[in-house]
Every structure is written in structure tokens, then in C-alpha cells.
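Peer 1: give me the fold of what follows.
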Amino acid sequence: MSTTRRHFFKRLSWASVGLFLPKWLSATSTSKKNVQRLVILHTNDTHSHIDPHPENHNLYPNQGGILARAALIESYRQKNEHVLLLDAGDFFQGTPYFNRYHGVLEMKLMSALGYDVVTLGNHDFDIGIDGLLNAKKYANFKFTNANYDFTNTALAGQIEPYHIIQKGIFKIGIFGLGVELNGLVPAANYQGIQIKDPIKSAQTTVEALQQEKCDYIICLSHLGYKYPDDTTPSDIKLAQQVSGIDLIIGGHTHTFMDAPTAIQNPSGSTVWIHQVGWAGVRLGVIEIEGHRINFCQKKIVSKVNS
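Peer 2: Predicted coordinates:
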């Protein structure tokens, strides 16, 4: 496989109906029989929203809910052979379901939906390390975080800095980054976790994935989209300071993005950032086929009983 394949979304440009990839980016050739389609679906900050919002909700009437999310995800799987389902953290906390089941229900339902890889948000530590470890027993998907060192905790060996997934011709490296927990989570809930600089951790991890000859490198980030100050790590700063990331799927700041943000990294290549709000009311959809890529967010709408 050519080295140019490892530059995912680089040198893309907007068009009125989508984004176009340069000809050299296709996997083998551009003939129809060789072109494969990859669909990346993503969520973030679903916060234990199992049920849809009520019909009279002022912002998201009849939106969200695990059944409607499952139906929308399945609709993409029915039409596409290669689908990747990712989450950027904070799947816990926010409804009585979490208070009652302590994350176990969320893990069972996300497993049923067929998530591939997730990263951790700050609220995923609201039940402490032991609680997270217990809930994780019911997760049939992979966890990743590259800037939390779990060596001296019960989570040692449970969460990897990155994972590599093969979807058809696509060899995809996926790693996660977490926000600084101090001030967001009680110290006892993450005792023993060493939190490292996310920017430096990202660069080290990207270099490892490049050594693995990944075609695409995706960061699941719970750093947050951007902040007013110049010191807080964010998705924008990550894209500006680290070369080699192709796509950042974000969380934490509950940012709704109708279109991705394009950032130039230190090597002069384009990094794309996408995030889909919170509460499970949107599903991010990234469709790649041949020389073409489209980003969008789909409303997750529940049927109303008449």
C-alpha cells in the first residue's frame, strides 16, 4: 500500500456538495471495482440519555434515545459494508439510569449498538476507578487513552494508548486523549492516574501509529473544541501543534458542528475536527468513497406514537 494512503484527509478542499480527495489518495485505483466505501459514525457526551427527550422539550423535542440511535446506525450498516462506530467520551452521568445502574446499562447498550472504540471523558470517572472497571466488564468494545497512565491503578492493562482496526482496505489507527481531571473530578475518583501532557502524548502516539503504517489516524479527543485562553489544551491546539493526525472527533464542550473545522498542522497538511453536541441527539457521519469525503450530523429522532 502506498505511503500516500497514510495521509487521509490531507490537502482536501470544500465543495458545495462535499469534500474531494486528491486522486493519489485512493487505495489502489479509481476504477469502480476497486473503490471501497468507509463510513465513520461517531457520538460524544451522550450522558446516559437512554430515553428520547419529550415531545415538549424546548430544544430537542422527540430527539435522542438509544432505540432511535440504534435504528439510524443500523440504516448505515445495511447500506455499507465497512462502518466504524466511535465515541469521544462522557457516556456516563446525566440521568437516573446512571444513578441506578452505575454505568452498566450504558455499557450493555453501547455493546448492543456495536461500538468499536471509545475514549474516556471526565464524567466517566464519576463512579471512581473501581466503578468504571466494573461497568467496563459489560463493554464489548475497546477503550483508548494515550495521556492517562493507569499503571498504578486497577485499570492497568485495561485501556490501551491506541488501537488499530482494519475495515476492508483501510488500516485505521485510533487513539484517545482526556481532559485534565483536577477540578472536574473528585481526587479520590482518579487516585493513582498520572495525567500527562496531551499534546506530547499525541505526538508520541502518532509516531507509533505511523510506524505501524496506518492509512488513517483518528484521535478521539475529550479535550474540548476550543477555549478563550492560550494555555488550555483543546482540539484546535492539538491540530495546530501535532503533525500526523488526520481526523479529530471531539467531545467535552458539547459543540454542535454542522461542518468540520479545517486546521493546518505544522507540516502544512489539513486536520479535520468534528463534534456532535451532546445528549445523544446527533450522530456524526463521515463518508469516504474514492476521491470523495462528506461530513454531516444527523438528527436522532424518535417516532411519536399517534
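Peer 1: spatially nearest residue to residue 236, not counting backbone neighbours?
Peer 2: Among residues not flanking residue 236 along the chain, residue 226 sits closest, at 4.4 Å (CB to CB, 6 or more residues apart in numbering). Using the backbone N, CA and C atoms, a C-beta is placed for each residue, glycine as well.
Peer 1: secondary structure element for the one you found?
Peer 2: Per DSSP states H and E: residue 226 is located in neither a helix nor a strand.
Peer 1: relative to residue 232, how far out is it?
Peer 2: Residue 226 sits 9 Å away from residue 232, going by CB to CB, to the nearest Å.
Peer 1: looking at those two, which is more packed in?
Peer 2: Neighbours were counted for residue 226 and for residue 232 using other CB atoms under 10 Å; residue 226 has more, 16 against 13.
Peer 1: who are the neighbours in contact with the more buried one?
Peer 2: 234-237, 253 (CB atoms under 8 Å, 6 or more residues apart in numbering).
Peer 1: which of those lies closest to residue 168?
Peer 2: For those, the minimum distance to residue 168 (CB to CB) is 27.6 Å, reached by residue 235.
Peer 1: thought that closest one was touching residue 227?
Peer 2: No. Using CB atoms under 8 Å, residue 235 is not in contact with residue 227; the gap is 10.1 Å.
Peer 1: between these two, which one's more packed in?
Peer 2: Using other CB under 10 Å as the criterion, residue 235 and residue 227 rank with residue 235 on top: 30 against 14.
Peer 1: how far away is the more buried one from residue 222?
Peer 2: Distance of residue 235 to residue 222, computed by CB to CB: 10 Å.
Peer 1: mutual contacts of these two, please.
Peer 2: The contact sets of residue 235 and residue 222 overlap at residue 250 (CB under 8 Å, 6+ apart).
Peer 1: burial of residue 61, as a residue count?
Peer 2: 14.
Peer 1: that one contacts residue 55, correct?
Peer 2: Yes. Applying CB under 8 Å as the test, residue 61 and residue 55 come out as touching, 5.4 Å apart.
Peer 1: related to what we said a few turns ago, can you redo the contacts of residue 226 as a markdown table with distance to residue 39, pLDDT and secondary structure?
Peer 2: Shown next, in a markdown table, are the contacts of residue 226 (distance: CB to CB, whole Å; pLDDT from 0 to 100; DSSP: H, G, I helix; E, B strand; the rest coil):
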| residue | distance to residue 39 | pLDDT | secondary structure |
| --- | --- | --- | --- |
| 234 | 27 | 98 | coil |
| 235 | 22 | 98 | helix |
| 236 | 26 | 98 | helix |
| 237 | 29 | 98 | helix |
| 253 | 25 | 98 | coil |
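Peer 1: nearest to residue 101, of those?
Peer 2: Within the contacts of residue 226, the smallest distance to residue 101 is 26.6 Å, found for residue 253 (CB to CB).
Peer 1: against residue 186, how distant is the closest residue in space to that closest one that isn't next to it in sequence?
Peer 2: Spatial nearest neighbour of residue 253, chain neighbours left out: residue 224 (4.1 Å); criterion: CB to CB, 6+ apart. As for residue 224, its distance to residue 186 is 20 Å (criterion: CB to CB).
Peer 1: how about residue 100?
Peer 2: Residue 100 is 20 Å from residue 186, by CB to CB.
Peer 1: who's the closest residue to residue 249 other than its chain neighbours bridged to?
Peer 2: Once flanking residues are discounted, residue 249 sits nearest to residue 42: 4.8 Å by CB to CB, 6+ apart. Taking DSSP bridges, one obtains residue 86, residue 284 as the residues bridged to residue 42.
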